[in-house]
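> Build me a structure from this.
(6 chains)
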There are 4 protein chains.
Amino acid sequence: MTKSKVAKPGPKRSRQPEVTRRNILDAALVEFAEKGLAGARVDEIAARSGSNKRMIYEYFGNKDGLWLFVLERAYEKMREEEHAIDVARMKPEDGMRYLMEFNFKFCSRNPEFIALLNAENLHKAGFLRNSKKIRELYTPLLAVITDLLERGAKEGVFRKGVDPVEMYITIAALGFFYFSNVHTLSTIFGRNLLGQKSQKTRLDHSIEVVLGYLRP
Amino acid sequence: MTKSKVAKPGPKRSRQPEVTRRNILDAALVEFAEKGLAGARVDEIAARSGSNKRMIYEYFGNKDGLWLFVLERAYEKMREEEHAIDVARMKPEDGMRYLMEFNFKFCSRNPEFIALLNAENLHKAGFLRNSKKIRELYTPLLAVITDLLERGAKEGVFRKGVDPVEMYITIAALGFFYFSNVHTLSTIFGRNLLGQKSQKTRLDHSIEVVLGYLRP
Amino acid sequence: MTKSKVAKPGPKRSRQPEVTRRNILDAALVEFAEKGLAGARVDEIAARSGSNKRMIYEYFGNKDGLWLFVLERAYEKMREEEHAIDVARMKPEDGMRYLMEFNFKFCSRNPEFIALLNAENLHKAGFLRNSKKIRELYTPLLAVITDLLERGAKEGVFRKGVDPVEMYITIAALGFFYFSNVHTLSTIFGRNLLGQKSQKTRLDHSIEVVLGYLRP
Amino acid sequence: MTKSKVAKPGPKRSRQPEVTRRNILDAALVEFAEKGLAGARVDEIAARSGSNKRMIYEYFGNKDGLWLFVLERAYEKMREEEHAIDVARMKPEDGMRYLMEFNFKFCSRNPEFIALLNAENLHKAGFLRNSKKIRELYTPLLAVITDLLERGAKEGVFRKGVDPVEMYITIAALGFFYFSNVHTLSTIFGRNLLGQKSQKTRLDHSIEVVLGYLRP
DNA sequence: GATGAATGAGTGTTCATTCAT
DNA sequence: TATGAATGAACACTCATTCAT
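Numbering: from 1, shown residues only, chains lettered A, B, ... in the order given. Predicted coordinates:
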């Protein structure tokens, strides 16, 4: 186990700040999502990133700073995808269906996002509240929902007077909760709710609940 | 085991195993709910409990063991309250309304339960899966929902063919998600969603969603 | 939020891995020899080494790992010195005399070695058995003894048919036991057996026992 | 010490001070011999003894006090057995043979004694030195050896001028060392030295060494 | 005399963070 | 910019010992 004193040539000194930064963020996302803020290990993030601890402190100040960056990045990603949604020309019912499917599937393929949000809620959104960046990322989904509800009501296919914020929360809940609690639910019901079939059944039911409710 | 004495230990050496045990569990519930498993501190739990660390290890083996006990106790508590629900003689619609209200308000007044469940899901329900005790506590709510759906369908006030498990998840989601994500949602929407008014609005909306969906 | 930390200067960050490592091993040897494995304190070793606890775990994994390294090093040291012995050209009787003296004096000036071996025997050689390194360090003394016995027998100055392994154990015993039990023996006999004179008397006697036995 | 009572304590509350005392000492001997003073656990001793910790402190003051009692008892036992030796009427050579066999076999069947003595030497015989009781138990073996050497010399079968104390140490060494270091030796030589055959070979060799040396 | 709950000072180990190179 | 050795505070957990019953 004797370590040589010879100065090592440095096998992978990348000297690519942006790459290093991104590698750290990627590694941190995984680690934080797996273990939460308190459970995550800076050493582990450094190892996973292929970089080293010093760089984490260089770029992000400290563990908490890194957490904030990861959180901001996760929100950005979601918002970017949400922006891609265009239901303006869809029929209200189709639009709502599409939108719920998007939300459901986003949760399905981004379990880290779920974990991150739950952790952030554990901290009473302390980081989020201090992030100007995130507060500015007002969810565009709300605008889309508002538009759909208004058009639906005007066309007589949706009931009137539905509050868009409540509708938003309901839609979010129907997707998020399932994946957020999938392990405890699977355990209690004795089924693997992450299976393809279970997910489809769940999505169909959710859509039916919302559309059933919206019908006048 | 005498439980006649008050929970607060005397000046020193109270010598009441059951009381000590309970005090530790109470303190642990608070600490775990506030900081999660990794973030919780055994020292802090000991201090809060008015006892000392050694007793924690005496009664619960280690931190993980304590976590499991706290989790089991939280589930038990919920199940006990659920058992008290009797909607057998209510009209299906009233029963459903009552049941949703119960679920919503349980989440509202037991934020620790929310935090605990989220943390347990972070661990992929690893503890839950190993707890025979909890697995046996099959949620009685499911039976109640099944009964309501059947009676409602028979009486023609509810649509037919609704899967009780899906219905259960939907109801749970509509209550749990709101309180689970209340801090991030409050931050993003810039309102205090924990206010009485917001809660009432939310509950009313949720009930309306479910009943609107169920109407044939 | 995660941990409150204050930056302290720290007077000496030597940054010399090999030196740090060695300092730890040196300190550990003393501490282990003085108090055994269970009685030794990692804190104490860190303090004596002039380094800190974290480095111990960095280099040796844990207390047991450190013990193993110390043990291995002690064996290596003995083996190195043993290698320096060259009795090939000495007359058998002189060679045997020299060899016993070496063994006796090695024990005399390496009391830590004695303590270490006794502790390891308390653990039923559990660490030794798992150390590939040590098992490979087959004692060269045995080869030397074998050669002496053979030459002596051939030359007619030593009795024939003496088992080298038994001879080895006898020689080892006559040196090791004295120093291993010197404190209890001194107490019981009411003399300081560590004195120069006592040691000389003892060595002379031991040599005489072996040579007396070996004479045909 | 009354030995009339049966060793088995009652199901609970035995109210037999002497029995409790003895059970504790028995348990402590095993625990101390297995793990040394520092490594032994008071809890474990209490559990093994079938009694409880309070009694240990009642009877022996503290852990160190218990150690001293165990040590004294071990010495007493050895001295009692040594007293049973009667070689006064044996021929010197037979006497010496018998005595070495006794010593060897005593070590063989009392490994706890070995462990205890080694531990005590680790502490530089600190406890022994403070035990008036033990210091008074001057080894009777020495007298026996002196007698044998004198008779042997007078009869012309043993060499003259052999120091009895040196002879005592040599004999002790030849028995004690083998069992004291049996695990490390077994590991290094790759044989189980505790086997019947190995022991016999060893004893025969030891006797031959001493007798070979003593012959004029 | 006996029991076992209670205690506080450790004890090995891990962590986020800093600094020399 | 990059590296990884170094640090001390904290962490989970253990121990000998005491005390109420």
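> Scan chain A for its longest helix.
Across chain A, the helix with the greatest residue count (assigned by DSSP state H) is helix A:17-39.
> what's in contact with the helix or strand just after it?
Next helix or strand after helix A:17-39 toward the C-terminus (DSSP states H and E): helix A:42-49. Applying Cβ atoms under 8 Å, 6 or more residues apart in numbering or on different chains, the external contacts of helix A:42-49 come out as A:20, A:23-24, A:26-28, A:30-31, A:52-53, A:55-56, A:63, A:66. From N, CA and C alone the C-beta is placed, and that goes for glycine too.
> Is helix A:42-49 positioned near DNA strand E?
Yes. Using Cβ under 7 Å from any atom of the strand, we find that helix A:42-49 touches DNA strand E at A:42-43.
> domains of chain A?
Using automatic domain parsing, the domain parsing of chain A gives A:14-61, A:68-214.
> do the last one and DNA strand E meet at all?
This means domain A:68-214. No. Domain A:68-214 stays clear of DNA strand E (Cβ under 7 Å from any atom of the strand), getting no nearer than 12.1 Å.
> re the thing from before, for the domains of chain A, give me JSON lines that also has distance to C:Ala119.
Below are the domains of chain A laid out as JSON lines (distance: least, Cβ to Cβ, whole Å):
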{"stretch": "domain A:14-61", "distance to C:Ala119": "33"}
{"stretch": "domain A:68-214", "distance to C:Ala119": "47"}
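> of these, which approaches B:Leu149 most closely?
Proximity to B:Leu149 (Cβ to Cβ) singles out domain A:68-214 among these, at 12.9 Å.
> Can you give me the end-to-end span of that closest one?
End-to-end distance of domain A:68-214 (Cα to Cα, to the nearest Å): 38 Å.
> I'd like the mean pLDDT over it, please.
Averaged across domain A:68-214, the pLDDT comes to 95.
> returning to that earlier point: including mean neighbour count, could the domains of chain A go into TSV?
As requested, those are exported to TSV (neighbours: other Cβ atoms under 10 Å in any protein chain shown):
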stretch	mean neighbour count
domain A:14-61	17
domain A:68-214	18
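> For B:Phe158, which of those is the nearest?
Nearest of these to B:Phe158, taken as Cβ to Cβ: domain A:68-214 at 11.0 Å.
> quick one: the closest one to chain centroid distance?
The chain centre lies 10 Å from the centre of domain A:68-214; the measure is Cα atoms, centre = their mean, to the nearest Å.
> Whether the helix or strand in which A:Ala115 is found contacts chain B - can you check?
Here A:Ala115 sits within helix A:111-122, counting by DSSP H and E. Yes. Contact of helix A:111-122 with chain B (Cβ under 8 Å from any Cβ of the partner chain) involves A:115, A:117-122.
> Need the residues that contact that helix.
With contacts defined as Cβ under 8 Å, 6+ apart, helix A:111-122 is touched by A:29-30, A:32-34, A:36-37, A:70-71, A:74, A:77-78, A:106-107, A:126-128, A:176, A:179-180, B:35-36, B:39, B:115, B:118-119, B:121-122, B:180-184.
> distance of the residue nearest the centre of chain A from DNA strand F?
For chain A, the residue lying nearest the average C-alpha position, counting by Cα atoms, centre = their mean, turns out to be A:Phe113 (2.9 Å). Counting by Cβ to the nearest atom of the strand, to the nearest Å, the gap from A:Phe113 to DNA strand F is 27 Å.
> quick one: that residue from C:Leu193, how far?
Distance of A:Phe113 to C:Leu193, computed by Cβ to Cβ, to the nearest Å: 75 Å.
> For whatever helix or strand A:Glu208 lives in, name the packing helices and strands.
For A:Glu208, the host element (DSSP H and E) is helix A:196-214. Identification of packing neighbours for helix A:196-214 by 3 or more Cβ pairs under 8 Å, 6 or more residues apart in numbering or on different chains; DSSP states H and E yields helix A:92-109, helix A:164-180, helix B:164-180, helix B:196-214.
> so that helix versus helix B:164-180, what angle?
Using axes from the mean of the first three to the mean of the last three Cα atoms, to 10 degrees, the direction of helix A:196-214 lies 70 degrees away from that of helix B:164-180.
> which residues sit against helix A:196-214?
By Cβ under 8 Å, 6+ apart, the surrounding residues in contact with helix A:196-214 are A:93, A:96-97, A:100-101, A:104, A:108, A:152, A:157-159, A:162, A:170-171, A:174-175, A:178, A:191-193, B:159, B:163, B:166, B:169-170, B:208-210, B:212-215.
> hang on, the earlier thing: now the contacts of helix A:42-49 in TSV, with distance to chain C?
Output for the contacts of helix A:42-49, formatted as TSV (distance: Cβ to the nearest Cβ, whole Å):
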residue	distance to chain C
A:Thr20	22
A:Asn23	22
A:Ile24	17
A:Asp26	21
A:Ala27	17
A:Ala28	13
A:Val30	18
A:Glu31	14
A:Asn52	15
A:Lys53	13
A:Met55	18
A:Ile56	13
A:Lys63	5
A:Leu66	10
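> I appreciate the help and will end here.
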